[in-house]
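[1] With the sequence up front, the predicted model follows.
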Amino acid sequence: MALPQNIQIPKKSQFMKLEQGENVFRILEDVKTGWCIWKDGKPERQEGDTCFYKIENADINKFGKPALNYFWIMAIWNYKTKKVETLEITQKTIMTPLFDLENNGKWGDLKNYDISITKKGSGNDTEFSVVPNPKEPLTDEIKKAFEDSEIDLSKLFKGEYPMTENETEKFNSKVDLGDGIPDTDISDIPF
């Protein structure tokens, strides 16, 4: 066999993906904004609301438009996975209601309540609805997980992941090669 026996394919990610149906999360710190351009099939991100990228340098996306997007990035608690994760939002149909909630005197700071985003459809027929949940304090479990996470959203603008490998428990770092020798640390494999 070409692959080691008992190899484990990563199943977890440090990024929340909005799935069909209801997605419930809590924003844990102030949102960062930025621009993402895709050049030669790779993303490059710049922090802030003003875009300094030249549109003619962007790849063309599947809709025939330049691959250049304004986005919000945030550290969140994902209630489904029960983990601190990163959520990147590019859809104006999500940004607008979140902006309106933050600027509404009765709701205010998005960090003070959970958000439910419901996704329906796919492709060009995707629809999102955004609903605030009643205000309630963070649980001790969520506070501790966030404090322990050492998430740093600014790393994203340097081309790095916002969380380290251990914090996301992305994959088992030992691989059993089935050769009777103690497990091999995956970082020791030269490919």
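    That came through, no problem. Please read these numbers as outputs of a predicted model, since none were measured by experiment.

[2] Quick one: the helices in the protein, in order.
    Along the chain, the stretches classed as helices by DSSP state H are 92-102, 140-149, 165-168.

[3] Out of these, which is closest to Lys42?
    Evaluated with C-beta to C-beta, these place helix 165-168 nearest to Lys42, the distance being 20.3 Å. Just so you know, the C-beta spots here come from the backbone N, C-alpha and C atoms, and that holds for glycine as well.

[4] Show the average pLDDT along the closest one.
    In this model, helix 165-168 carries a mean pLDDT of 48.

[5] Likewise for stretch 148-158?
    In the prediction, stretch 148-158 has an average pLDDT of 93.

[6] Where is the longest strand in this protein?
    Identified as the longest strand of the chain according to DSSP state E is strand 68-78.

[7] now the angle from it to helix 92-102?
    Counting by axes from the mean of the first three to the mean of the last three C-alpha atoms, to 10 degrees, strand 68-78 points 60 degrees away from the direction of helix 92-102.

[8] Export the helices of the chain as JSON lines, with columns for distance to Arg26 and mean neighbour count.
    Output for these, formatted as JSON lines (distance: least, C-beta to C-beta, whole Å; neighbours: other C-beta atoms under 10 Å):
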{"stretch": "helix 92-102", "distance to Arg26": "13", "mean neighbour count": "15"}
{"stretch": "helix 140-149", "distance to Arg26": "7", "mean neighbour count": "13"}
{"stretch": "helix 165-168", "distance to Arg26": "18", "mean neighbour count": "15"}
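
[9] Save those as CSV, and put in distance to Gly123 too.
    Below are the helices of the chain laid out as CSV (distance: least, C-beta to C-beta, whole Å):
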stretch, distance to Gly123
helix 92-102, 14
helix 140-149, 33
helix 165-168, 29
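
[10] What would the longest strand of the chain look like as PDB? C-alpha coordinates only.
    Coordinates of each C-alpha in strand 68-78 appear next as PDB, following Å, rounded to 0.1, in the frame of the first residue of the first chain:
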ATOM      1  CA  LEU A  68     -12.100  40.200  -4.800                       C
ATOM      2  CA  ASN A  69     -14.300  40.300  -1.700                       C
ATOM      3  CA  TYR A  70     -14.900  42.500   1.400                       C
ATOM      4  CA  PHE A  71     -15.200  40.300   4.500                       C
ATOM      5  CA  TRP A  72     -15.700  40.300   8.200                       C
ATOM      6  CA  ILE A  73     -13.600  37.800  10.300                       C
ATOM      7  CA  MET A  74     -14.500  36.900  13.900                       C
ATOM      8  CA  ALA A  75     -13.700  34.600  16.700                       C
ATOM      9  CA  ILE A  76     -16.900  32.700  17.600                       C
ATOM     10  CA  TRP A  77     -18.200  29.900  19.800                       C
ATOM     11  CA  ASN A  78     -19.800  27.300  17.600                       C
END
